[in-house]
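Participant: sequence and predicted model, in that order:
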Amino acid sequence: MTSEEQDRLQAELTQLRADYAQLERDFDSMSEGYQESLLLYDRLEETYRELEETNRQLEVARKRAEEASQMKTVFIQQISHEIRTPLNILSGFTQIITTPGMELDEATQREVTQGISDNTRRITSLVSKMLELADASSHTAIDRTDVVPAVQVAVQAADESGITMETHLDFDLQLAEGADTAMLTTNLQQACRALALLLDNARKFTQPAEAHVGSGQQSARRGNVVLRLSLHTGKGMADFSVEDNGIGVPEAEAEHIFDEFVQLDNYYDGTGIGLTVARSIARRLGGDVVLDTAYQSAGGGARFVLSLPFDNAE
């Protein structure tokens, strides 16, 4: 082989090596591009999932907005019914006592007077609930300057709710060990109001629904409501547990029932704002209101727990 042939072969070998090196670089570049494409695909897939989740949340929000709109409509209808009923009764009593020449015996006078008092109180309560609802979304803390026994809150709330006067149920107040001496630094009026709303809820759902009243479907089981006062010294909380044997609450609705205007059974009288207001007040007093989903009584029922800070925590 001549030197020229050797030089030519050497040149071709060098070129082949250069071409191979270039191929290696091109392959590495393609590999990097492939990896970048995979990363880009992963990012696109993640973005797609995020968009799907956002769309799902938007759909949930849309449905909740529609539900809220419907509940507000129902709420307005219920408020109209709630106010119209006592107003009609008051109007009837007014006509009776203002009729010229109308003479009423003592028993009828007492009945009229009691009816006027009861229905005036009912209207006042509804107006108070409306005012409380307007304040329910506030996160402003409520002034706590009253130092009172925890048992006073329990007794006063029971009286304010009227549950001790109900004839369709048995009511019992039970105190755990040490609860009778526990002191709260709270707002007495607001604490009693929150607990009274829970007691009113128990009162309402341990009696027959409006649809059953007078229809022969009265429940043979007597209502039972227990208010238990106990202490969690480790948490520094006094618990006011309201237990009833009423219609109960499905576990899936444990949080939903605290939303404004929510009523799980429209055959029961009410406005659907009591639990909303009770929780709002409790949280602004440094406590909370929850549904105890672990509670089970014979035949159903529910337990709501109002927790408020107490002073002699360990």
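Facilitator: Yep, it's here.

Participant: in this structure residue 122 contacts residue 87, no?
Facilitator: No. Using C-beta atoms under 8 Å, residue 122 makes no contact with residue 87, being 9.7 Å away. All C-beta spots, glycine's among them, are computed from the backbone N, C-alpha and C.

Participant: okay, the two: which has more neighbours?
Facilitator: residue 122 (17 against 13; other C-beta atoms under 10 Å).

Participant: the more buried one belongs to a strand, doesn't it?
Facilitator: No. Under DSSP: H, G, I helix; E, B strand; the rest coil, residue 122 falls outside any strand and is assigned helix.

Participant: looking at it now. What's its pLDDT?
Facilitator: The model reports residue 122 with a pLDDT of 82.

Participant: could you number the chain from 21 rather than 1 from now on?
Facilitator: OK, 21 is where the count begins now, so the last one is residue 142.

Participant: need the contact list for it.
Facilitator: Shown in contact with residue 142 (C-beta atoms under 8 Å, 6 or more residues apart in numbering): 102, 106.

Participant: try the one 5 residues further on
Facilitator: Under the criterion of C-beta under 8 Å, 6+ apart, the contact list for residue 147 is empty.

Participant: at 10 Å instead, please
Facilitator: For residue 147, the contact set (C-beta atoms under 10 Å, 6 or more residues apart in numbering) comprises residue 103.

Participant: helix or strand for it, which one?
Facilitator: Secondary structure assignment for residue 147, by DSSP states H and E: helix 126-156.

Participant: check which element follows that helix along the chain.
Facilitator: Trace forward from helix 126-156 with DSSP H and E and the next one is strand 166-169.

Participant: strands paired with that following strand, and their directions?
Facilitator: Partners of strand 166-169 in the sheet, by DSSP bridges, are strand 203-206 (antiparallel).

Participant: would you mind writing the CA trace of the partner strand as CSV?
Facilitator: The C-alpha trace of strand 203-206 is given here as CSV (Å, rounded to 0.1, in the frame of the first residue of the first chain):
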residue,chain,number,x,y,z
MET,A,203,-66.2,29.4,86.8
LEU,A,204,-66.4,31.0,83.3
THR,A,205,-65.1,34.4,82.3
THR,A,206,-67.4,34.9,79.4
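
Participant: how about the helix holding residue 147: buried residues?
Facilitator: 132, 135-136, 139, 142-143, 146, 149, 152-153, 156 (16 or more other C-beta atoms under 10 Å).

Participant: with stretch 55-68 instead?
Facilitator: For stretch 55-68, it's none, nothing buried (16+ other C-beta under 10 Å).

Participant: from residue 132, how far off is residue 115?
Facilitator: 11 Å (C-beta to C-beta, to the nearest Å).

Participant: where are the low-confidence patches of the stretch 121-270 of the chain?
Facilitator: Residue ranges of the stretch 121-270 of the chain with pLDDT under 70: 228-241.

Participant: what's the angle between the longest helix seen in the chain and helix 126-156?
Facilitator: Longest helix in the chain by number of residues (criterion: DSSP state H): helix 23-118. Put simply, helix 23-118 runs at 160 degrees to helix 126-156, going by axes from the mean of the first three to the mean of the last three C-alpha atoms, to 10 degrees.

Participant: output the contacting helices and strands for helix 23-118.
Facilitator: Counting contacts by 3 or more C-beta pairs under 10 Å, 6 or more residues apart in numbering; DSSP states H and E, helix 23-118 packs against helix 126-156.

Participant: just how off-centre is the helix it packs on within its chain?
Facilitator: 26 Å (C-alpha atoms, centre = their mean, to the nearest Å).

Participant: and stretch 242-259, by the same measure?
Facilitator: On C-alpha atoms, centre = their mean, the centre of stretch 242-259 falls 19 Å from the chain's centre.
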